[in-house]
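Undergrad: Sequence first, predicted model second:
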Amino acid sequence: SSGVPSKGITILGATGSIGVSTLDVISRHPDRYHVIALTANIQTDVLFEQCRQFKPKYAVMVDEACADVLCARLKEYGSDTVVLSGAAALERVSALDETDYVMAAIVGAAGLLPSLAAANAGKRVLLANKEALVMSGKLFMDAVKKNGAELLPIDSEHNAIFQSMPVNGKTGVKKILLTGSGGPFRSRAIDTLSAVTPEEAVAHPNWSMGQKISVDSATMMNKGLEVIEACWLFDVPASDVQVVVHPQSTIHSMVSYVDGSVIAQMGNPDMRTPIAYSLAWPDRIDSGVADLDFFDVAQLDFEKPNFSRFPCLKFAYDAHETGGYASIALNAANEVAVASFLSKQINFTEIPQLIEFALERARSGTPLVLDEILVQDRDSREHARLWIKNNKK
Ligand code: NAD
Ligand code: MG
C-alpha cells in the first residue's frame, strides 16, 4: 500500500481514448484511486464493461435512451451503480463531495460546462479537454483560482511544460517551446492536400487518439489550440510560445531560460505518462509506459512550422491576439469543419476556409460571462454551417 488515502475519481468522457488510458493507469493502483463516476455520450457497451470492472457509484450517459439500456443491463447484472442521464448530470458528478479528482476528457465544447463545474467545486482538475480552456480561458483560470482548484494539464505538451517549469512562479523563464509532430501531412505535396481522405487524416504517425483531435493534428489546428491553451495555463503571451515541429514526438515540449538552459521532458508517445503524473503529482507512479529507448529513437529532428501549409496554426495565434470571442469562433468553426470533413461534406483544404469565414464574423473583445461565451459558440457554428450551405450545392 502507498500509505496515501485513496482518492475518488470522476472521469468525464470515460469511453474515449483518454478515458480508457486513465482507467488503465487507475487499474494499476487500486489502493490509491477509486472510481466515483464514469460518463459517456452514447457508447453503452464500453461504459457497461467499465462499470462492471470499476464499480463506480454513478454512471452518466448523456443520451437518455442509452442511459435506459445501460440501467437495465446493470440491474440485470446485479450492479449498484446509479445511472443518470442528460448533460446536467455531467456537472453534478464533477462536483460530488466524494470526488477528489476530475479527469476532464470530453472532446470539444460539450466538455466546457462539466469541466468548469469541477473547477468551481475546487477539485483537482486533470484537463485533457483543451477546447474548454480555449473557449473560456480567463473565466476558467479565474474559477480555478477563486475556488482553490488544482489545474493539472493532461495534454502531453502542457504536461511536459509543467514538468519543465520552475517549481514556483516563472523566474528566469524566457520562452515555451511547444513541440508537435506535424501530423500525417507534414511533407505531403501541398497541391494534393485537397484530395486527402478522412482515413488518411486520422492516421497519426505517432499517437493513437480520438477522431477529432487526429484531424486537428493533420491541420495543425491541434497545435494552434495548444498555443492558446499554453497562454492561459502558464500566463504568457502567444509571442512567447514557439511551435517547434519535431516528427519523432520524443520531446513532448521544452522551456528555455534566460541563462541559455533548455529543459525538455521526453518519453514514449503514450498518454498514460501525463495521466499518471497528474494523478500522483507531486509523486510519481508507474504508468505502464515502456522505458524510452534512445538507441531505438536514434535521431531527433526539428523544423520551423509552415504557416502556408498549415493556415489553421496561424489563425490560432491571431485569434488569441484578437480576443476571447475570436478564440471561441475558431474553436466552434473548427468543430463544425472537422465533423463535416469526417462526413465527407467538405474537403480537407476547406477546413481553414470555413474557419476564416467564421473568424471574420466573430465579435471583437473578450466575453466576461459564460452566457456570452455560449452565444458566440452558437453563432459561430451557424456561420460555419452557412459557409457550407453557400459553398455546396
Ligand atoms: P474521444 O473521441 O476518444 O472520446 C471522447 C469522449 O467524450 C467519449 O467518452 C465520449 O463519449 C465523450 N463525448 C463525446 N461527445 C460528448 C458530448 N456531446 N457530451 C458528453 N460526452 C461526450 O476523444 P479523446 O481523443 O479521448 O479526446 C478527449 C479530449 O482530450 C479532447 O479534448 C482532446 O483534444 C484531448 N486530448 C486527447 C489526447 C489523446 O491522446 N487522445 C491527447 C491530448 C489531448
Ligand atoms: Mg497535445
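TA: Right, received. Where do you want to start? Ligands and ions are numbered 1, 2, ... in the order given.
Undergrad: When you work out contacts or count neighbours from here on, use the C-alpha atoms and nothing else.
TA: Noted.
Undergrad: for whichever residue of the chain sits closest to ligand 2, what are its contacts?
TA: Proximity of the chain to ligand 2 (C-alpha to the ion) peaks at Asp155, 4.5 Å away. Residues near Asp155 by C-alpha atoms under 8 Å, 6 or more residues apart in numbering: Leu127, Ala128, Lys130, Pro274.
Undergrad: State the mean pLDDT of stretch 80-98.
TA: Taken as a whole, stretch 80-98 carries a mean pLDDT of 98.
Undergrad: distance between it and the chain's centre?
TA: Centre-to-centre, stretch 80-98 and its host chain are 21 Å apart (C-alpha atoms, centre = their mean, to the nearest Å).
Undergrad: Give me the domain ranges for this protein.
TA: For the chain, automatic domain parsing gives the domain ranges 7-153, 156-269+301-308, 323-393.
Undergrad: any chance of the ones you listed in TSV, plus mean neighbour count?
TA: Listed next are these as TSV, based on neighbours: other C-alpha atoms under 10 Å:
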stretch	mean neighbour count
domain 7-153	21
domain 156-269+301-308	19
domain 323-393	20
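Undergrad: Tell me which of these approaches Trp281 most closely.
TA: Nearest to Trp281 among these is domain 7-153 (8.7 Å), distances taken as C-alpha to C-alpha.
Undergrad: Do the closest one and ligand 1 come into contact?
TA: Yes. Residues of domain 7-153 contacting ligand 1 under C-alpha under 6 Å from any ligand atom: 13-19, 40-43, 62, 105-108, 110, 128-131.
Undergrad: What about those, which are in strands?
TA: Cross-referencing the residues of domain 7-153 next to ligand 1 against strands under DSSP state E gives Ala40.
Undergrad: Out of the residues of domain 7-153 next to ligand 1, which sit inside helices?
TA: Ser17, Ile18, Gly19, Lys130, Glu131 (DSSP state H).
Undergrad: leaving aside the residues next to it on the chain, what's closest to the fourth one?
TA: Translated: Lys130. Glu229 (6.4 Å; C-alpha to C-alpha, 6 or more residues apart in numbering).
Undergrad: for that neighbour, what are its contacts?
TA: Applying C-alpha under 8 Å, 6+ apart, the residues near Glu229 are Lys130, Leu133, Val134, Gly137.
Undergrad: redo that, cut-off 7 Å
TA: By C-alpha atoms under 7 Å, 6 or more residues apart in numbering, Glu229 lies in contact with Lys130, Leu133, Val134.
Undergrad: Next, find the distance separating it from Met209.
TA: 18 Å (C-alpha to C-alpha, to the nearest Å).
Undergrad: which parts of the stretch 251-393 of the chain sit against ligand 2?
TA: Applying the criterion C-alpha under 5 Å from the ion, no portion of the stretch 251-393 of the chain neighbours ligand 2.
Undergrad: now what about stretch 251-260, what contacts it?
TA: Contacts of stretch 251-260 (C-alpha under 7 Å, 6+ apart): 156-157, 160-161, 164-165, 172-179, 262-267.
Undergrad: Please confirm that Ala264 is located within a strand.
TA: Yes. According to DSSP: H, G, I helix; E, B strand; the rest coil, Ala264 belongs to a strand.
Undergrad: Quick check: the gap between it and Met220.
TA: From Ala264 to Met220 the distance is 21 Å (C-alpha to C-alpha).
Undergrad: And Arg52, by the same measure?
TA: With C-alpha to C-alpha as the criterion, Arg52 and Met220 are 38 Å apart.
Undergrad: How about Gln299?
TA: Using C-alpha to C-alpha, one obtains 23 Å as the distance from Gln299 to Met220.
Undergrad: Also Ala149?
TA: 30 Å.
Undergrad: just the helices in the stretch 151-300 of the chain please.
TA: Under the criterion DSSP state H, counting those that start in this stretch, helices of the stretch 151-300 of the chain are mapped to 156-164, 198-201, 211-219, 221-234, 272-280, 294-297.
Undergrad: Looking at the ones you listed, spot the one closest to Lys57.
TA: Closest among the helices of the stretch 151-300 of the chain, using C-alpha to C-alpha: helix 272-280, at 19.7 Å.
Undergrad: Thanks again, I'm all set now.
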